[in-house]
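the sequence and its predicted three-dimensional model are supplied below.
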Amino acid sequence: MVWPARNPDFRNLFPDPSYTPTAWYQTRTLDSVFSLCGEEMATAAPGPRLYRRRRPERTVLYRALAHHFERFLHVYEQGFERTHGYLRRSVQTAVYRYLDCGIFANGVARAHCPECGHDFLIAFSCKLRCLCPSCHQKRELQWAEWVAEELLEEVPHRQVVLTLPKRLRIFLRFDRRLLGELPGCAWRALRLYLAACFGRDDVTPGAVGFVQTAGELLGWHPHLHVLLADGGWLPDGSFRHLLYLDSSQVEKLFRAEVLRLLVERRKIGEEVVESLLAWRHSGFSVHAAVRVEQRQEAARLGRYGIRCPLVLDRLAWDETAGQVVDSARPSRRDGAGASVARWDVLDFLARVLDHLPEPRGGLIAPTGRLHPSRRKSGFLHGSRSKSDFLHGFLHGPRCRGCVSTRARPRSGAISAALRLDPKLDDAKEALDKLG
């Protein structure tokens, strides 16, 4: 870890080369940290408080990227371009942002709780999806809170998982724009099925589609998780329950939509379509056995649909062989498939970076009754207070000394105000609006 030259005092704190900044922060209290910065810590709680931050530099993923990413860039064209496609421009930017995430040397913010006077430092985060497990989980929790409070209604929901045959997955790897079309294919298939079940066209379903690209052991396995309202809404606002969902019929409709999309995009021809339709098992599959009654349970299903493909606890570093070891979920380790995978560190990086979404690529697609444009936001209509909104959406962590409020940097307040009123372009005006 290299400290910036503009902070020479930090370098003098480590006379012993083995005494790293990480080890130093483990033994320092917030009083000493703030006094080093030339500020006094104001705390109402007795006794010193130790800031316990996460340690990204100790994880297998961080070590692999920090030590081997430059070599990975050098050999990618010759070793991985044919199987993984061209190296996207966004990959390199995302990796460097992740390497700066959670490291005090790369910048911190001071958070203050106005209730208890507790101050603590927060390292800047990268806010990346699918690469940084910590930032991904934060977004996942915030999204689940918003869905449970604002989007879903008190009706039963069903999880529908739709998969594609291996023969077609390569087209989605080399053309990532097709991933954004999959939720539309699933939506049209489900809407047609519900219209046929109810025998009327004015029934409006509600669904949220989630695009996933990773399989059990980081393999390329694009598929969809759809959180579907188990029924539909009539024009008068009443809800009609769906008695039964036939997965085989939904599979046929979804297969037709996907094949039509690939033919229109000139990825496959009519002979490939005829070949796929002649298979006894088409390779498409639909699983819709999971059904929940409460919207809080539905929000948990949504969290599963947008989960990060990486689980750091299942990664290990084999020092002797120089390999990364990935273990399957405990529920899958006794099955027929492989339970442990071993890769060279460059192969591991190629698999991980394969699942990075495009910077503006949407992985979540609400449609029908659950589309945000059809749902009234309670906060915008005055039913939710300003503090409730900030509690759910600001990025600042919860204060340990006071569980009733959320400590937040002022930059988060500015961004929240700009989200409330897009016409605001003055930071001072935004702060005045928040009080």
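Cool, the structure landed. Everything numeric here is computed off the predicted structure, so don't read it as measured data. Numbering: from 1, shown residues only.

in this structure, mark out all the strands, start to finish.
108-112, 119-123, 157-163, 206-214, 220-229, 231-233, 239-241, 285-292, 315-318, 323-327, 340-344, 364-368 (DSSP state E).

any weak-confidence spans in the stretch 251-400 of the chain?
331-338, 374-400 (pLDDT under 70).

residue 173 is nearest to which of the strands of the chain?
Evaluated over these, closeness to residue 173 peaks at strand 220-229, with 5.7 Å, by Cβ to Cβ. Bear in mind the C-beta positions are built from the backbone N, C-alpha and C, glycine included.

paired strands for the closest one, with orientation please.
Strand 220-229 sits in its sheet next to strand 157-163 (antiparallel), strand 206-214 (antiparallel), going by DSSP bridges.

that older thread, save the strands of the chain as TSV, and put in distance to residue 263 and mean neighbour count too.
TSV is the format used below for those (distance: least, Cβ to Cβ, whole Å; neighbours: other Cβ atoms under 10 Å):
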stretch	distance to residue 263	mean neighbour count
strand 108-112	51	17
strand 119-123	49	20
strand 157-163	19	22
strand 206-214	21	23
strand 220-229	18	22
strand 231-233	30	22
strand 239-241	34	14
strand 285-292	21	16
strand 315-318	40	14
strand 323-327	36	19
strand 340-344	35	15
strand 364-368	22	19
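
distance to residue 57 for those - can I get that in TSV?
Shown next, in TSV, are the strands of the chain (distance: least, Cβ to Cβ, whole Å):
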stretch	distance to residue 57
strand 108-112	15
strand 119-123	11
strand 157-163	36
strand 206-214	24
strand 220-229	29
strand 231-233	49
strand 239-241	50
strand 285-292	38
strand 315-318	13
strand 323-327	16
strand 340-344	21
strand 364-368	30
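
nearest to residue 147, of these?
Taking the strands of the chain one by one with Cβ to Cβ, strand 206-214 is closest: 7.6 Å.

just the CA trace of the closest one, in CSV.
Extracted in CSV, the C-alpha atoms of strand 206-214 (Å, rounded to 0.1, in the frame of the first residue of the first chain):
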residue,chain,number,x,y,z
GLY,A,206,-46.9,-7.6,-13.1
ALA,A,207,-43.3,-8.9,-13.2
VAL,A,208,-39.7,-7.9,-12.6
GLY,A,209,-37.0,-9.6,-14.7
PHE,A,210,-33.5,-10.2,-13.5
VAL,A,211,-30.6,-11.1,-15.9
GLN,A,212,-28.0,-13.5,-14.5
THR,A,213,-25.0,-14.6,-16.5
ALA,A,214,-23.1,-16.8,-13.9
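
quick check: angle from that strand to strand 364-368?
160 degrees (axes from the mean of the first three to the mean of the last three Cα atoms, to 10 degrees).

need the contact partners of strand 206-214.
147, 151, 153, 172, 179-180, 182-183, 186-187, 190, 220-229, 232-233, 302, 305-306, 309, 354-355, 363-370 (Cβ atoms under 8 Å, 6 or more residues apart in numbering).

same thing but at 6 Å, please
179, 182-183, 186, 222-229, 305-306, 309, 355, 363-370 (Cβ atoms under 6 Å, 6 or more residues apart in numbering).
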